[in-house]
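**Student:** Would you be able to build a 3D model of this:
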Amino acid sequence: MKHKLYFLLSSIVLLSLLLAACGAPAATEPPAPAETEAPVVTEMPTESATEAPVATTEPAGPLTVLIDNDEGPITPANFNTFIGFWMIGWVYDSLYIRTPELEPIPALATSATPSDDGLTWTITLREGVNWHDGEPFTVEDVIFSYNFLIEAGRANNLAAIESMEADGDYGLTIHLSSPQPFFLNEGLAGTYIMPEHIWRDQTPVSGELSQFQGMIGTGAYKLVEVEPG
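**Tutor:** Coordinates of the predicted model:
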């Protein structure tokens, strides 16, 4: 009886294996990928050129500066201490300015070249500069300012100037009585330029200008009001 049962179970297992083998799908190779043309390389799209943005922000308001002494008028012809001298530099410009390392770099001028003997300086001024009231800055303002400040005793660093000649509106030739090794750093960079059309009626004597404020420069700030004291 046991032998018959074993034979029956073995037959069932064998039959199941045969059926499973017959029903399994035949192994097939994976399909080859279809051939396609290589994509055509194209240039990346470029952005269209645009103009630089124009600043439209209005100034936030006036800058109010408090100092501990009375400087008098804030002009190149009148100041009492170094505080006034530095404040003048906010309202007025010089032909050259000094970096924090005291190196002279162009400001109202674009170049200043001495002759081989150091007696003649050829200067080119910056074009397109206006005074705060809209009047154009020219070489005549420089010649006027240097003569005025020398006569007023406010420009010892220009004392070696013998004569000046204009070459058009933006060219200047300065003749010195003797070579000045520091003429660029102390003369051109240490003397602020005033507008002739504002100052032409003033007397160039230091001390007699104490009531004239001037107000107009080419600097980063426009002088609005000065409260004495």
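**Student:** after the least confident helix or strand in the chain by mean pLDDT comes which helix or strand?
**Tutor:** Lowest by mean pLDDT, DSSP states H and E among the helices and strands of the chain is helix 2-23, with a mean of 45. Next in sequence after helix 2-23, counting helices and strands by DSSP states H and E, comes helix 82-91.
**Student:** For that following helix, buried residues please.
**Tutor:** Judged by neighbour count (16 or more other CB atoms under 10 Å), helix 82-91 contains these buried residues: 84, 87-91. No exception for glycine: its C-beta is placed from N, CA and C like everyone else's.
**Student:** Can I get the residues you listed in JSON lines including pLDDT and distance to Gln202?
**Tutor:** Formatted as JSON lines, those follow (pLDDT from 0 to 100; distance: CB to CB, whole Å):
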{"residue": "Gly84", "pLDDT": "88", "distance to Gln202": "18"}
{"residue": "Met87", "pLDDT": "92", "distance to Gln202": "20"}
{"residue": "Ile88", "pLDDT": "94", "distance to Gln202": "16"}
{"residue": "Gly89", "pLDDT": "94", "distance to Gln202": "21"}
{"residue": "Trp90", "pLDDT": "94", "distance to Gln202": "21"}
{"residue": "Val91", "pLDDT": "96", "distance to Gln202": "17"}
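**Student:** between those, which is nearest Glu186?
**Tutor:** Gly89 (14.6 Å; CB to CB).
**Student:** that older thread, let me know the closest of the buried residues of helix 82-91 to Ile97.
**Tutor:** Gly89 (7.9 Å).
**Student:** I figured the closest one hits Thr191, correct?
**Tutor:** No: taking contacts as CB atoms under 8 Å, Gly89 lies outside contact range of Thr191: 11.1 Å.
**Student:** Contacts only, for the nearest residue to Leu102 once chain neighbours are set aside.
**Tutor:** In space, and not counting its chain neighbours, Leu102 is closest to Asn185: 7.1 Å by CB to CB, 6 or more residues apart in numbering. Asn185 is in contact with 96, 98, 102, 104, counting by CB atoms under 8 Å, 6 or more residues apart in numbering.
**Student:** make it 10 Å
**Tutor:** Contacts for Asn185 (CB atoms under 10 Å, 6 or more residues apart in numbering) come out as 96, 98, 102-104, 157.
**Student:** okay if I get these as TSV plus secondary structure?
**Tutor:** Below are these laid out as TSV (DSSP: H, G, I helix; E, B strand; the rest coil):
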residue	secondary structure
Tyr96	strand
Arg98	strand
Leu102	coil
Glu103	coil
Pro104	strand
Asn157	helix
